[in-house]
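Q: Sharing a sequence plus its predicted fold:
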Amino acid sequence: MLNRMLSVGMFLVAIVFFAIQLVDFLRHKQETEKEHAPLIPLIFIEALTWFLGTFGVSDGAINMVAYRGLRVSDTRKLPGTMLVGAMVPLAIMSVSYLNAVEFSMQTLLVLIVVQAVGGFVGASLVKKLPIQAVRLIMALALLATAGIILARTYIFHVEGGSAVGLTGIRLVVAAILLAVTEALTMIGFGNMTPNLCILLALGIHPLSVYPIVMTANTIGGLIGCVRFIQDGMYVRKAALIEATAGLVGVLFAVRLVTSMNSGLLQLLMIVLMAYSSVSLLREYRKNK
């Protein structure tokens with residue numbers, strides 16, 4: 001019963017948030033006409049990004065490269081653009097997993113709360129950081145994410161456990177770590193893959209991590225995204241394209257998760273993150 005209510009809630013979140021995006025887009029139509037967001041390339045990239053994101057590949061890692069390569073956003077608005085655009089696909093992804101996979105509701109509710117707090121703190125922090133600090137933090141965060149994936153996949157060979165949730169000290173550890181990653185998400189740190197890694201390492205079954213991570217990420221990021229919209233700290237046209245094209249990618253991919261071999265995709269993600277991180281560090285050094 002609670003699963004069904006949460007699924008309905010996530011579906012409503014997707015509808016309401018898309019409406020908020022659309023209203024903000026129309027309200028600032030003159031500003032959006034000046035934004036550089038090539039329609040056809042972004043539709044293709046976002047559909048593919050969220051197709052891969054359904055399997056746990058970091059949408060932030062791919063979009064970091066895509067948005068920078070297409071010159072869609074400056075560094076300061078980049079985190080907000082990626083996060084606002086991700087809300088609708090992520091919410092629909094959550095609905096799909098909530099209805100298909102067994103998980104612990106207690107674990108999910110705890111992580112929702114701590115990620116909401118992390119999202120609020122992180123969104124507040126972005127506005128106060130100088131652009132060089134944002135650039136450096138984003139670069140280091142990408143390197144850290146790549147290191148986590150490398151360690152998990154090729155050194156520790158972490159495949160997860162058999163539990164559907166966490167209790168006791170393991171739940172406390174997960175709550176602390178996911179609050180931190182959600183705060184960092186607000187300044188460009190893609191937290192989907194790190195969160196999956198954390199919960200797998202703490203013993204949750206590889207399938208049960210998906211509804212927990214996707215749903216907690218959706219609600220946790222919601223507060224921060226509303227703040228980005230209120231402050232105009234995102235590229236409206238690009239975020240709207242991501243929301244619509246990303247939704248298509250999710251709907252095509254969501255039923256294939258259990259049979260997908262993600263080794264090559266994880267390697268591709270590491271390469272993308274490394275490239276974007278090096279690019280950011282070069283800009284940081286150039287403008288220092």
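A: Received, thanks.
Q: Shouldn't Glu35 be within a helix?
A: No. Using DSSP: H, G, I helix; E, B strand; the rest coil, the assignment for Glu35 is coil, not a helix.
Q: three-state assignment of the nearest residue to it once chain neighbours are set aside?
A: For Glu35, ignoring the flanking residues on the chain, the nearest one in space by C-beta to C-beta, 6 or more residues apart in numbering is Lys237 at 4.6 Å. To be clear about C-beta, it is placed using only N, CA and C from the backbone, and glycine gets the same treatment. What three-state DSSP gives for Lys237 is helix.
Q: since we're on Lys237, how many residues are nearby?
A: 22 (other C-beta atoms under 10 Å).
Q: and if you look at Lys29?
A: Per other C-beta under 10 Å, the neighbour tally for Lys29 reads 9.
Q: Ile112 now?
A: The number of residues packed near Ile112 is 19, by other C-beta under 10 Å.
Q: How about Val8?
A: Residues lying near Val8 (other C-beta under 10 Å) number 12.
Q: List the buried residues in the helix or strand where it lies.
A: Assigning secondary structure by DSSP states H and E places Val8 in helix 2-27. For helix 2-27, the buried set under the neighbour-count rule, 16 or more other C-beta atoms under 10 Å, comprises Leu6, Ser7, Gly9, Met10, Val13, Ala14, Phe17, Phe18, Ile20, Gln21, Asp24.
Q: and what of stretch 43-63?
A: 43, 45-63.
Q: Just the ones of the residues you listed in helices?
A: 43, 45-53, 59-63 (DSSP state H).
Q: just for the stretch 101-250 of the chain, where's the confidence low?
A: Scanning the stretch 101-250 of the chain for pLDDT under 70 picks out 123-127, 129, 131, 134, 145, 149, 152-153, 155-162, 186-190.
Q: ranges for the helices of it?
A: Assigned helices in the stretch 101-250 of the chain, in chain order: 105-128, 131-150, 168-185, 192-201, 209-231, 236-253 (criterion: DSSP state H, counting those that start in this stretch).
Q: out of the ones you listed, which comes closest to Arg71?
A: Closest to Arg71 of these is helix 236-253 (C-beta to C-beta; 10.7 Å).
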